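Trainee: only the shape, not the letters, is given here:
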């Protein structure tokens, strides 16, 4: 009985140690030996300030003008405490407008949410506006969902299928239609010719 009680207390102590020490540590910022610094005066001024305080200027940060990437080899690569001492004096330089020690960014995997409908990806910038293709009562308050996305997900692409459109004013040379437009299967009933191209003028409604 005594051993059981001792084992239970050991387990409780271990849990308290885990919750009180390890969990807070996992949320603590992890500082690196890299800094982002904004310095006016150009790269020569940045190099001079870096050398004065023991940094190495790794160059401008991307296309950000006056922002430089500083590295300090004598600072720990990873630390839960931000660096003090000489690193604080650099901010007093007249040309230094801003400085920030960089921290480790943690990547968190985004889990798949069960039940959430996943649309396939399309590289069409107007995809979000095509409510008539992926509409439903939950998001668009419409009831015209023709299950087009569902058909695509089952592998139906429309290959070898000919669709006849009874309309006028169709831009047959539009990039979205040109490759699939069949001139031999098309006819402009209104204009009584084979060309359904719209006429962009004020004298008619063929638009």
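Mentor: Looks like it arrived, so ask away. Remember, it's a predicted structure, so these values are computed and weren't measured experimentally. Numbering: from 1, shown residues only.
Trainee: please count neighbours and contacts with C-alpha atoms only from this point.
Mentor: Will do.
Trainee: can you count the residues close to residue 199?
Mentor: By other Cα atoms under 10 Å, 14 other residues sit near residue 199.
Trainee: looks like it contacts residue 171 (just checking).
Mentor: No: using Cα atoms under 8 Å, residue 199 is not in contact with residue 171; the gap is 10.0 Å.
Trainee: please enumerate the strands of the protein.
Mentor: 31-39, 56-60, 67-71, 96-103 (DSSP state E).
Trainee: need the ones you listed in TSV (columns: distance to residue 190, mean pLDDT and mean neighbour count).
Mentor: Below are the strands of the chain laid out as TSV (distance: least, Cα to Cα, whole Å; pLDDT from 0 to 100; neighbours: other Cα atoms under 10 Å):
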stretch	distance to residue 190	mean pLDDT	mean neighbour count
strand 31-39	67	94	21
strand 56-60	64	95	17
strand 67-71	64	95	22
strand 96-103	68	93	16
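Trainee: now distance to residue 47 too, for the ones you listed, in TSV please.
Mentor: Listed next are the strands of the chain as TSV, based on distance: least, Cα to Cα, whole Å:
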stretch	distance to residue 47
strand 31-39	10
strand 56-60	6
strand 67-71	9
strand 96-103	12
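Trainee: by mean pLDDT, which helix or strand of this protein comes out lowest?
Mentor: helix 23-27 (a mean of 49; mean pLDDT, DSSP states H and E).
Trainee: where does pLDDT dip in the chain?
Mentor: Residue ranges of the chain with pLDDT under 70: 1-27, 109-122, 134-145, 203-207.
Trainee: domains of it?
Mentor: Here the domain parsing of the chain from the TED database is 30-104, 114-160, 162-198.
Trainee: stretch 105-125: end-to-end distance?
Mentor: Start-to-end span of stretch 105-125 (Cα to Cα, to the nearest Å) is 31 Å.
Trainee: next: stretch 182-189.
Mentor: Terminal-residue distance, stretch 182-189 (Cα to Cα): 16 Å.
Trainee: mind listing residues that contact that stretch?
Mentor: 164, 167-168, 193-196 (Cα atoms under 8 Å, 6 or more residues apart in numbering).
Trainee: buried ones in it?
Mentor: Within stretch 182-189, the residues that count as buried by 16 or more other Cα atoms under 10 Å are 186-188.
Trainee: closest one to residue 81 among the strands of the chain?
Mentor: Among the strands of the chain, the nearest to residue 81 by Cα to Cα is strand 31-39 (6.7 Å).
Trainee: from the contact counts, what lies against the closest one?
Mentor: Applying 3 or more Cα pairs under 8 Å, 6 or more residues apart in numbering; DSSP states H and E, one finds that strand 31-39 contacts strand 67-71, strand 96-103.
Trainee: could you export these as CSV, including distance to residue 124?
Mentor: As requested, the helices and strands packed on strand 31-39 are exported to CSV (distance: least, Cα to Cα, whole Å):
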stretch, distance to residue 124
strand 67-71, 36
strand 96-103, 37
